[in-house]
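*Asks:* After the sequence you'll find the predicted model.
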Amino acid sequence: MMANKRKLKAADLFCGGGGFTTGAEQSGRVSVVLAVNHWRTAIDTHSYNHPRTRHICARIDDIDPRHDKSIPELDILLASPECTHHSIARGGRPIDDQKRATPWHVCVWAEAKRPKWIVVENVREFRNWGPLDDRGQPIKSRKGEIFRQWIRSIESIGYQVDHQILNAADFGAATKRLRLFIVCRRGHSRRDIPWPDPTHSGRWIPAWQIIDWSKPCPSIISRKKPLAEKTLRRIEIGLRKFVGQAAEPFIVRPRNHCTADGLGDPLSTITTSGAHHGLAVPFILPRTGVYDSKEWLKRPWGPEEPLPTIIASHGAGHIVMPFIETLTHGGRERSASEPLPTITTAHRGEHAFVLPFLTKYYGTGSVQPVDEPIDTVTTKDRFGLAMVSLIRTMRELGVVDIGFRMLDVDELARAQGFPEGYYLYGTKTERVKQVGNAVCPPVARALCNTIAEAV
């Protein structure tokens with residue numbers, strides 16, 4: 001039966017690096033024949049990974065689908081308009097109303113091409129789209145006014161419209177990315193707009209599965225540029241919660257209220273402001289001597305090693321587990337067994353790998369027993385105080401050093417749901433931006449499968 005069904009033709013407006021297209025093509029029911037974006041780097045990425053798609057590198061304002069005869073007839077219009085000027089991640093900064101207007105182009109394309117289906121993705125705050133005051137701030141009393149007008153405009157062209165918030169983790173991405181999806185069907189029907197059933201509800205993909213555990217994590221003490229005070233505070237919170245109590249991996253997300261998450265959940269949102277997530281790998285610290293090569297030694301033991309000789313003494317060792325830290329406002333610790341938080345267009349990377357291991361802080365970096373006084377700690381303003389506080393906590397928990405690294409672009413892409421080997425053009429900042437801006441392919445795949453079944 002499937003063999004007799006033709007693939008639905010789709011256009012991907014605001015295509016970016018290709019998340020929407022990737023998911024649509026993965027469904028096996030949709031062929032993306034046209035992709036549009038104004039950013040050359042994103043078009044290069046999209047062209048490389050989707051060579052059969054026709055690409056237009058231009059501002060959406062400069063394309064007129066009503067008169068451009070080269071634009072084919074479409075079954076589905078996919079669109080992910082610019083969302084940063086709707087997102088609460090902007091804080092209290094003024095908003096550019098012109099840049100918020102890009103969703104209106106969806107109406108232009110809908111009227112010109114009359115596709116059977118339209119699928120639009122945006123941030124949840126898009127529902128609050130309303131007019132601005134003279135200072136460029138949203139007028140609270142008119143919240144959602146323009147959004148409702150936009151919906152009515154699509155309906156006036158002859159579409160039924162419905163919208164829902166979907167969690168990418170429910171469809172197989174290792175990120176708890178919550179996004180608004182608007183599905184429009186041309187014509188009138190008594191049937192409701194179809195929505196995909198979650199495929200991974202209750203069995204989310206954990207963050208630890210997308211992390212490359214072989215990558216090294218340099219000491220936070222030997223860094224040329226010390227970590228920020230807030231980052232050190234969040235690491236301390238994570239150590240106390242997961243190493244001090246449960247001895248399990250966790251993720252730190254230093255935002256507003258700092259709590260900790262286990263790595264059994266997906267990764268949280270990677271914001272455009274540069275949120276960071278950090279992670280730590282389990283090591284076993286013997287509290288008493290271990291007989292090794294006829295000498296009593298104290299050294300770290302990795303989780304992949306067999307345990308040393310067990311000594312009949314209470315509390316002979318404990319596990320220092322990995323955790324992930326998000327280094328932006330509102331961040332918190334998260335266990336390595338949880339999925340990553342939502343990935344966004346952070347310009348410096350958002351998720352960092354924090355690895356407690358047992359070496360000396362300064363100088364040679366050799367292993368230091370925990371029953372000795374800690375080496376000299378320099379103090380410089382508040383950073384010094386934060387470091388002293390962290391070191392006090394580390395001594396208390398038996399952790400002598402902490403390795404730290406940012407999650408790489410390939411790890412963030414895996415969390416978002418991109419397939420292995422998906423190539424991204426540009427600098428690291430540009431690649432992170434493409435990943436953070438992308439529609440999660442697993443969600444796009446589920447939506448396109450549902451639409452194809454309803455045709």
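*Replies:* Arrived safely.
*Asks:* Now do Arg223: how many residues are near it, please.
*Replies:* Neighbour count for Arg223, taken as other C-beta atoms under 10 Å: 10. For every residue, glycine as well, the C-beta is placed using N, CA and C.
*Asks:* Would you mind pulling up the elements that the longest helix anywhere in the chain packs against?
*Replies:* What stands out as the longest helix in the chain, according to DSSP state H, is helix 381-397. Applying 3 or more C-beta pairs under 8 Å, 6 or more residues apart in numbering; DSSP states H and E, we find helix 381-397 packed against helix 229-238.
*Asks:* Report the angle between the helix it packs on and helix 381-397.
*Replies:* Going by axes from the mean of the first three to the mean of the last three C-alpha atoms, to 10 degrees, helix 229-238 is angled at 20 degrees with respect to helix 381-397.
*Asks:* From the contact counts, what lies against helix 229-238?
*Replies:* Here helix 229-238 touches strand 250-252, strand 323-326, strand 333-335, helix 381-397, going by 3+ C-beta pairs under 8 Å, 6+ apart.
*Asks:* The residue nearest to Arg240 when sequence neighbours are not counted and Ile221: what is the separation?
*Replies:* The shortest distance from Arg240 to any non-neighbouring residue, by C-beta to C-beta, 6 or more residues apart in numbering, is to Thr393 (6.1 Å). Counting by C-beta to C-beta, to the nearest Å, the gap from Thr393 to Ile221 is 14 Å.
*Asks:* next one: Ser31
*Replies:* In terms of C-beta to C-beta, Ser31 sits 54 Å off from Ile221.
*Asks:* these two touch, right, the residue nearest to Arg240 and Gly238?
*Replies:* No: Thr393 is not in contact with Gly238 according to C-beta atoms under 8 Å; the separation is 9.9 Å.
*Asks:* Between the two, which has more neighbouring residues?
*Replies:* Gly238 (36 against 18).
*Asks:* correct me, but the more buried one touches Ala352?
*Replies:* No: counting by C-beta under 8 Å, Ala352 is not a contact partner of Gly238; they are 11.4 Å apart.
*Asks:* sorry, back to before: of Ser31 and Ile221, which one has the most company?
*Replies:* Neighbours were counted for Ser31 and for Ile221 using other C-beta under 10 Å; Ile221 has more, 21 against 17.
*Asks:* The more buried one belongs to a strand?
*Replies:* No: applying DSSP: H, G, I helix; E, B strand; the rest coil, one finds Ile221 to be coil, outside a strand.
*Asks:* Would you quantify the distance from it to Leu390?
*Replies:* 10 Å.
*Asks:* And for Glu453?
*Replies:* Using C-beta to C-beta, Glu453 is found at 54 Å from Leu390.
*Asks:* swap in Lys140?
*Replies:* Per C-beta to C-beta, Lys140 is found 41 Å from Leu390.
*Asks:* more neighbours, the two?
*Replies:* More crowded of Lys140 and Leu390, by other C-beta under 10 Å: Leu390, with 24 against 9.
*Asks:* For that one, give me the pLDDT.
*Replies:* Looking at Leu390, its pLDDT reads 79.
*Asks:* That one contacts Ile235, doesn't it?
*Replies:* Yes: using C-beta under 8 Å, Leu390 is in contact with Ile235, at 6.3 Å.
*Asks:* what about the spatially closest residue to Ser389 that is not a sequence neighbour, how many neighbours?
*Replies:* Distances taken as C-beta to C-beta, 6+ apart put Glu236 closest to Ser389, at 6.2 Å, once the chain neighbours are dropped. By other C-beta under 10 Å, the residues close to Glu236 number 23.
*Asks:* Contact partners for Glu236?
*Replies:* Residues counted as contacts of Glu236 (C-beta atoms under 8 Å, 6 or more residues apart in numbering) are 386, 389-390, 393.
*Asks:* Ser27 against Thr450, yeah?
*Replies:* No: Ser27 is beyond contact range of Thr450, at 9.1 Å (criterion: C-beta under 8 Å).
*Asks:* residue contacts, Arg29?
*Replies:* By C-beta under 8 Å, 6+ apart, the residues touching Arg29 are 5, 7-8, 448-449, 451-452.
*Asks:* Go again with 6 Å.
*Replies:* Taking C-beta atoms under 6 Å, 6 or more residues apart in numbering, we find Arg29 in contact with 448, 452.
*Asks:* Look up how far Val455 lies from it.
*Replies:* Computed as C-beta to C-beta, the Arg29 to Val455 distance reads 9 Å.
*Asks:* swap in Glu396?
*Replies:* Taken as C-beta to C-beta, the span from Glu396 to Val455 is 62 Å.
*Asks:* could you point out which element follows the host helix or strand of Gln149?
*Replies:* Element membership of Gln149, judged by DSSP states H and E, is helix 145-156. Per DSSP H and E, helix 145-156 leads on to strand 159-167 as the next helix or strand towards the C-terminus.
*Asks:* That following strand to helix 145-156, inter-axis angle?
*Replies:* Using the same axes, to 10 degrees: strand 159-167 against helix 145-156 is 130 degrees.
*Asks:* Domain map for the protein?
*Replies:* For the chain, the structural domains run 2-201+426-454, 213-407, going by automatic domain parsing.
*Asks:* tell me, which of the ones you listed is the model least confident about?
*Replies:* Sorting the domains of the chain by mean pLDDT places domain 213-407 lowest, at a mean of 57.
*Asks:* the strands in the stretch 151-300 of the chain, which residues?
*Replies:* When secondary structure is read from DSSP state E, counting those that start in this stretch, the stretch 151-300 of the chain shows strands at 159-167, 178-186, 250-252, 260-262, 283-286, 290-292, 295-297.
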